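S.K.: Build me a model:
(chains A, B, C and D)
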There are 2 protein chains.
Amino acid sequence: MARTAGSHSDITGPKVRDAALTLFARHGFAAVSMRQIAREVGVQVGALYNYTPDKQTLLFDLMQSHMDALLEAFSDDPAMPPRDRLHNFVRFHIRFHHDRPDAVFIAYMELRNLTPENFTNIEALRKRYEDKLEAILRAGVSSGVFDVADTKIATLAVIAMLTGVNTWFRSGGRLSLQDVEDQYWQMVRKAVSAESPA
Amino acid sequence: MARTAGSHSDITGPKVRDAALTLFARHGFAAVSMRQIAREVGVQVGALYNYTPDKQTLLFDLMQSHMDALLEAFSDDPAMPPRDRLHNFVRFHIRFHHDRPDAVFIAYMELRNLTPENFTNIEALRKRYEDKLEAILRAGVSSGVFDVADTKIATLAVIAMLTGVNTWFRSGGRLSLQDVEDQYWQMVRKAVSAESPA
DNA sequence: GCTTGTTTTGAACGACTGTTCAGATAACGT
DNA sequence: ACGTTATCTGAACAGTCGTTCAAAACAAGC
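M.R.: Alright, predicted model coming up:
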């Protein structure tokens, strides 16, 4: 046997990425073998190497695609009031991350399995995303509607809090995604807002 | 050769746990081999099995010790004002986690490498810790000083935010741990506090 | 100094790892 | 219909994996 009926890279390629994403998220990069991925795709191990030069690159490509999609999907209008921009960010972050829990999980957990070069690359993308939030916070501080001692710290604090949603929330439970968005928005808004004088 | 001069379980035992903690944190449980741990300890692989029945149990014991120490170290006085209790929690959490970044990292990242039974066990300990914070928030909501829509969500949000400190803060940089504590306290305090009427 | 118990070695087990590649077969272009 | 290209198989490579265990060497108690 060799090439199989119906085989096509347009079909197998995405299958490989999907299988890798799911398995890496569930068991961790190091714990998943190329043979497991192949089995999930329905193919022999060797065939995977038509779609990635090696396992490390497969991981890196998944992370990079995720970060690219994240940066691509977020839109911000500097002309709007900082409060509205922050509200938009909070809603976007929760929704975007909720829609792709596996990719998010990998992007946060498998950084240490990247080669130093790949790590630097992904970190730069993450930094670009953080900078978008920090710009919003800075604008709010400038105009006096926000009050945070250090916008860099506040940025990291807000992102950590929002990303935490993914560790517990799944659709179909007691709360809707809208409820979650609303509650996190209230907390974020209050956390960074200037307090009215006593 | 066999038993080596100066060998003793009181010495080797802690060495095994320390080496495992460091290596698991740095490379991940699945990526670290028993032979790597043995090399770090300065011993042959077989000797490790005097200190753990298997690799999985070694991981579990590290996690359980960490969670036990966490629950043991935190003290709360229900008689105090909720605001002070929360302040105490925030400071404690940041400090305790800052002091043991490897154990924290493992406790959060390696949950998926636990057997179902071990996972359930660790999750129960984590839940007990979360409940301590939730009790504080509930007390504050009851007395009107706090205002959060759902204390369970607020609990998870605050913990995620605080634990996030560990991903970026290391002593010796631009900020002291005290600075970080102060800033996070301000954000947490504002996030859960009742707003003064307009 | 001798015995008992503790600790480690060194070798071995079968299974699994990521990766390569020649050969086989299907799909595609003409 | 036929040549070319794309895709996959199956086998192989040299290592590494977690774990076990008899035998050896040290420590501790008497």
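S.K.: what helix or strand does the closest residue to A:G28 other than its chain neighbours sit in?
M.R.: Spatial nearest neighbour of A:G28, excluding adjacent residues (C-beta to C-beta, 6 or more residues apart in numbering or on different chains): B:A30 at 5.4 Å. Yep, even glycine has a C-beta here, placed from its N, CA and C like the rest. In this structure, B:A30 sits in neither a helix nor a strand according to DSSP states H and E.
S.K.: same deal with A:I122?
M.R.: When elements are assigned from DSSP H and E, A:I122 belongs to helix A:116-143.
S.K.: Are that helix and DNA strand C in contact anywhere?
M.R.: No: counting by C-beta under 7 Å from any atom of the strand, DNA strand C has no neighbours in helix A:116-143; the shortest distance is 12.9 Å.
S.K.: so what's A:E110 up against?
M.R.: Applying C-beta atoms under 8 Å, 6 or more residues apart in numbering or on different chains to A:E110 gives the contacts A:F24, A:G28, A:F29, A:L59, A:M63.
S.K.: again, 7 Å this time
M.R.: Residues near A:E110 by C-beta atoms under 7 Å, 6 or more residues apart in numbering or on different chains: A:F24, A:F29, A:L59.
S.K.: hang on, the earlier thing: what about the residue nearest to A:G28, neighbour count?
M.R.: B:A30: 19 surrounding residues under other C-beta atoms under 10 Å in any protein chain shown.
S.K.: From B:D18, how far off is it?
M.R.: B:A30 is 20 Å from B:D18, where distance means C-beta to C-beta, to the nearest Å.
S.K.: picking up where we left off before, what helices or strands is the helix holding A:I122 leaning on?
M.R.: Applying 3 or more C-beta pairs under 7 Å, 6 or more residues apart in numbering or on different chains; DSSP states H and E, one finds that helix A:116-143 makes contact with helix A:55-73, helix A:82-99, helix A:151-163.
S.K.: isn't A:P82 right up against A:V145?
M.R.: Yes: using C-beta atoms under 7 Å, A:P82 makes contact with A:V145 at a distance of 5.7 Å.
S.K.: which of those two has more neighbours?
M.R.: The neighbour comparison of A:P82 against A:V145 (other C-beta under 10 Å) goes to A:P82, with 21 against 15.
S.K.: Next one, pLDDT for that one please.
M.R.: For A:P82, the pLDDT comes out at 97.
S.K.: How about the contacts made by the residue nearest to A:G28?
M.R.: By C-beta under 7 Å, 6+ apart, the neighbours of B:A30 are A:G28, A:A30, A:A31, B:N113.
S.K.: So which residues on chain A come close to DNA strand D?
M.R.: A:1-4, A:7-12, A:43-47, A:50.
S.K.: Quick check: ChimeraX command selecting the buried ones in these.
M.R.: Command for ChimeraX, covering only those of those found buried under the criterion 16 or more other C-beta atoms under 10 Å in any protein chain shown:
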select /A:12,43,47
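S.K.: In chain A, which residue sits nearest DNA strand C?
M.R.: A:A2 (2.1 Å; C-beta to the nearest atom of the strand).
S.K.: which one of the contacts of A:E110 has the most neighbours?
M.R.: Neighbour counts for the contacts of A:E110, by other C-beta under 10 Å, peak at A:F24, which reaches 26 neighbours.
S.K.: thinking again about what came up before, of the helices and strands packed on helix A:116-143, which is nearest A:A124?
M.R.: Nearest of the helices and strands packed on helix A:116-143 to A:A124, taken as C-beta to C-beta: helix A:55-73 at 9.0 Å.
S.K.: Residues contacting the closest one, please?
M.R.: Contacts for helix A:55-73 (C-beta under 7 Å, 6+ apart): A:17, A:20-21, A:24, A:29, A:34, A:52, A:96, A:103, A:106-107, A:110, A:113-115, A:118, A:122, A:125-126, A:128-129.
S.K.: Filter those residues down to the buried ones.
M.R.: Buried by 16+ other C-beta under 10 Å: A:17, A:20-21, A:24, A:29, A:34, A:52, A:103, A:106-107, A:110, A:113-114, A:118, A:122, A:125-126, A:129, out of those.
S.K.: What is the neighbour count of the closest residue to A:L86 other than its chain neighbours?
M.R.: Distances taken as C-beta to C-beta, 6+ apart put A:I136 closest to A:L86, at 5.3 Å, once the chain neighbours are dropped. For A:I136, the tally of surrounding residues (other C-beta under 10 Å) stands at 26.
S.K.: what stretches of chain A score poorly on pLDDT?
M.R.: A:1, A:197-198 (pLDDT under 70).
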